[in-house]
Structure formats: structure tokens, C-alpha cells
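Novice: take a look and give me a structure for this.
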Amino acid sequence: MRRGKYSRHRLAGPHDRDVAYDATLRAAAVRVGRRGGALTVEPADLRRKVREHRVPLDVCFVVDNSYSLQADRLVEQVKGLVFRLLEDAAARGDRVALVAFRSGIAEATVALRPTSSLRRAAEALRRIPLSGRTPLPDALVRAGRVLRQERYRRPNARPVVVVVSDGLPNVALRRGRDPVRDTLAEARTLRRAGIGCVVVDASPPGRSASCGRDLAEAGGGRWLPIAELSPDVFVDAVLTVA
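Specialist: Down below sits the predicted model:
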């Protein structure tokens with residue numbers, strides 16, 4: 001079930017399910033009016049709902065700061081997403097947290113506890129070090145822990161995990177296990193806990209090894225290729241999974 005008040009519409013993508021039927025039919029009618037013939041709906045007519053939320057969000061970013069990702073560029077993009085989310089956070093009570101990979105150690109760390117402060121978020125992003133490992137399953141465990149703790153403090157807030165990664169985990173939760181399987185298992189755990197999921201896939205186009213799409217599916221969330229990402233598209237995705 002999609003939450004939030006339907007306020008406007010935009011062109012729908014291939015994975016959008018929250019269809020704005022009124023806007024879709026209007027688009028189809030305009031097209032048919034130009035060409036003539038019976039009213040039919042074509043893919044180009046589809047519009048999706050853009051919803052505004054009134055409940056606060058608790059959003060935990062899991063940022064892949066491994067060497068494989070040109071981390072400086074990625075962190076700048078994540079900073080833009082965080083800023084867009086917090087622009088009017090004071091009015092809604094939104095908060096963001098940050099989980100990243102520790103330098104020199106094959107585990108993740110909570111780099112920023114939940115906050116609505118742009119300054120604190122920017123400082124935490126600036127301090128993220130490069131890491132040679134990608135312990136994505138551990139990062140999801142820690143993100144889930146942060147959001148569960150916040151749920152006790154703010155039971156009215158909607159929890160969401162935003163994973164920004166190339167989808168190539170190389171550290172499992174335990175020695176001898178498959179990092180990808182552990183990643184997908186933790187995504188399913190988050191889903192069962194009622195935590196929304198958005199995956200910003202930073203892998204190069206066409207890289208079949210990335211588990212980004214599978215991660216979004218396991219978490220019951222949205223998959224967004226970073227090449228097509230804009231702050232508005234990102235915020236819409238967060239609202240649809242919250």
C-alpha cells in the first residue's frame with residue numbers, strides 16, 4: 001500500500017506500480033484526439049502518482065565507500081540526496097543516519113546517528129574514509145539495528161534504508177559464506193521488519209555481476225540506477241516505500 005497524499009503526477013517508469021489513472025487517461029485522450037480512433041492506453045501514456053507524506057521519516061543511508069566506486073564522486077552525490085531529503089525536514093521531522101564501511105577492517109560502522117541537522121550530515125559524509133572491503137551484509141545489519149532503535153523512540157516515523165552501492169559485496173557475515181546471499185538475506189530481514197528499501201545502483205551500465213536489482217527485490221523496494229538519478233526522483237522513491 002502506497003502512503004502519502006496524491007498531490008501530482010509524473011511519467012511512469014517500467015517498474016512503477018502506483019499508477020495515476022486519471023492523468024494516464026487524460027494523456028491517452030490527448031494522444032487519441034490528435035490521431036483519432038478508439039481510446040487506448042499505451043506505455044507512453046502511463047503516469048505515476050507523486051505523493052506527499054505527513055508522517056516523519058527515519059532514513060538510514062548505507063554508503064559504499066570502497067575503492068571500487070570512485071568514492072569521492074559518490075559521496076558528493078549522496079550528499080546531494082541527503083540535503084534534498086533534509087531541506088524541509090524541520091517541518092516534517094525527518095531524520096537521516098549513515099552507515100559506511102570501516103577503513104582497514106572488514107566491517108561496517110554507524111558514521112552518523114539519526115539527525116535532522118544538515119551540518120552534522122555534511123560533516124559525517126566528509127569524514128568517510130576509503131575502504132578496501134565491501135561488508136554490505138554487516139552494513140544492512142547495523143542499519144536495521146539503528147532503525148529499530150529509532151522505532152522505539154519515534155513509533156510514528158516510517159523507517160527506510162537507502163543503499164548506495166555498486167552491488168559487489170565481498171565480505172560475508174561469517175567466514176566461508178557467500179556475501180551476496182548474506183546481503184539478500186539481510187534485505188529480506190529488513191522487509192519482514194517493515195523497513196522500506198531503496199537501492200541506488202552505482203554499478204556501470206550492463207554489469208551483470210551487480211546484485212543491486214536483486215537487493216531491491218529482496219527488500220521489497222525500489223531500484224534506481226545512479227546514472228538516471230535526480231534528487232526529486234530519489235525523494236519520490238523514498239516516499240513510495242515508506
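
Novice: quick check: buried residues in stretch 144-152?
Specialist: Neighbour counts over stretch 144-152 (16 or more other C-beta atoms under 10 Å) mark 144, 146-147, 150-151 as buried. The C-beta positions use only the backbone N, C-alpha and C, and glycine is treated the same way.

Novice: doesn't R119 fall inside a helix?
Specialist: Yes - applying DSSP: H, G, I helix; E, B strand; the rest coil, one finds R119 inside a helix.

Novice: the residue nearest the centre of the chain: what secondary structure?
Specialist: Closest residue to the average C-alpha location of the chain: V198 at 2.4 Å, with C-alpha atoms, centre = their mean. Secondary structure assignment for V198 (three-state DSSP): strand.

Novice: can you check A185 too?
Specialist: helix.

Novice: can you count the residues close to the residue nearest to S66 when sequence neighbours are not counted?
Specialist: Nearest residue to S66, sequence neighbours excluded (C-beta to C-beta, 6 or more residues apart in numbering): T134, at 4.7 Å. If you count neighbours by other C-beta atoms under 10 Å, T134 ends up with 26.

Novice: if I look at T134, how far off is R154?
Specialist: 30 Å (C-beta to C-beta, to the nearest Å).

Novice: over to S165?
Specialist: S165 is 26 Å from R154, where distance means C-beta to C-beta.

Novice: mind checking which of these two has more residues around it?
Specialist: Between S165 and R154, S165 has the larger neighbour count (other C-beta under 10 Å), namely 29 against 17.

Novice: all set now, cheers.
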